[in-house]
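Q: Can you look at this prediction? I've put the sequence above it.
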Amino acid sequence: MKKIITSVFNFISSINLTILVLSAATVIFILQITREKLATLPSWKWLTIIPEFDFYHSRGSIILFALFCVNLVACSLKRLPRTISITEVHQGCLMMRFCLQCLILLHLLLKNPG
């Protein structure tokens, strides 16, 4: 059961799914626009086969948008621990740099009290 959940989460959080969803939305959008613009030309009559519909208010676009949102959240959750560890390391380096600068300043002040 855990393998199934892990494999589903890995699929949902993959970049391949993002590319697939965005490509599908783009192709559907382009087909809708080309149907409206090019269907008047005689050589493009085959575009009348594609049904005319409002893409942005259809169930398909809502499903694609919801799938994209789930993918975005899953990708963010998958990469969040790495981001936090990088941020902690970066903040630690900044703190060490600050401490070193304070020590150098303290050393210079003690060396030259005037």
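A: Thanks, I have the structure now. This is a predicted model, so every value here is computed, not measured.
Q: where's the most centrally placed residue in the chain relative to residue 10, distance?
A: Centrality entry for the chain: nearest residue to the mean C-alpha point is residue 72, 5.3 Å, by Cα atoms, centre = their mean. Shown here: residue 72 relative to residue 10, a distance of 15 Å by Cβ to Cβ, to the nearest Å. Every C-beta, even on glycine, is put in place using the N, C-alpha and C of the backbone.
Q: In this structure, mark out all the helices, start to finish.
A: 2-12, 15-38, 59-111 (DSSP state H).
Q: between the ones you listed, which gets nearest to residue 49?
A: Residue 49 sits nearest to helix 15-38 of all the helices of the chain, at 9.1 Å, using Cβ to Cβ.
Q: which strands and helices sit next to the closest one?
A: helix 59-111 (3 or more Cβ pairs under 8 Å, 6 or more residues apart in numbering; DSSP states H and E).
Q: mean confidence score for the helix it packs on?
A: Per-residue pLDDT over helix 59-111 has a mean of 74.
Q: Dump the C-alpha coordinates for stretch 30-49 into PDB.
A: Extracted in PDB, the C-alpha atoms of stretch 30-49 (Å, rounded to 0.1, in the frame of the first residue of the first chain):
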ATOM      1  CA  ILE A  30      -4.500  26.500 -30.100                       C
ATOM      2  CA  LEU A  31      -6.900  24.200 -31.800                       C
ATOM      3  CA  GLN A  32      -9.800  26.300 -30.700                       C
ATOM      4  CA  ILE A  33      -8.200  29.500 -32.000                       C
ATOM      5  CA  THR A  34      -7.200  28.000 -35.300                       C
ATOM      6  CA  ARG A  35     -10.700  26.600 -35.700                       C
ATOM      7  CA  GLU A  36     -12.200  30.100 -35.400                       C
ATOM      8  CA  LYS A  37      -9.600  31.800 -37.700                       C
ATOM      9  CA  LEU A  38      -8.700  29.200 -40.300                       C
ATOM     10  CA  ALA A  39     -12.100  27.300 -40.800                       C
ATOM     11  CA  THR A  40     -13.100  29.900 -43.400                       C
ATOM     12  CA  LEU A  41     -10.300  28.900 -45.700                       C
ATOM     13  CA  PRO A  42     -11.100  26.100 -48.200                       C
ATOM     14  CA  SER A  43      -8.000  24.000 -47.400                       C
ATOM     15  CA  TRP A  44      -8.700  24.100 -43.700                       C
ATOM     16  CA  LYS A  45     -12.300  22.800 -43.800                       C
ATOM     17  CA  TRP A  46     -11.200  19.800 -41.700                       C
ATOM     18  CA  LEU A  47     -11.100  22.100 -38.700                       C
ATOM     19  CA  THR A  48     -14.900  22.100 -38.700                       C
ATOM     20  CA  ILE A  49     -14.700  18.600 -37.300                       C
END
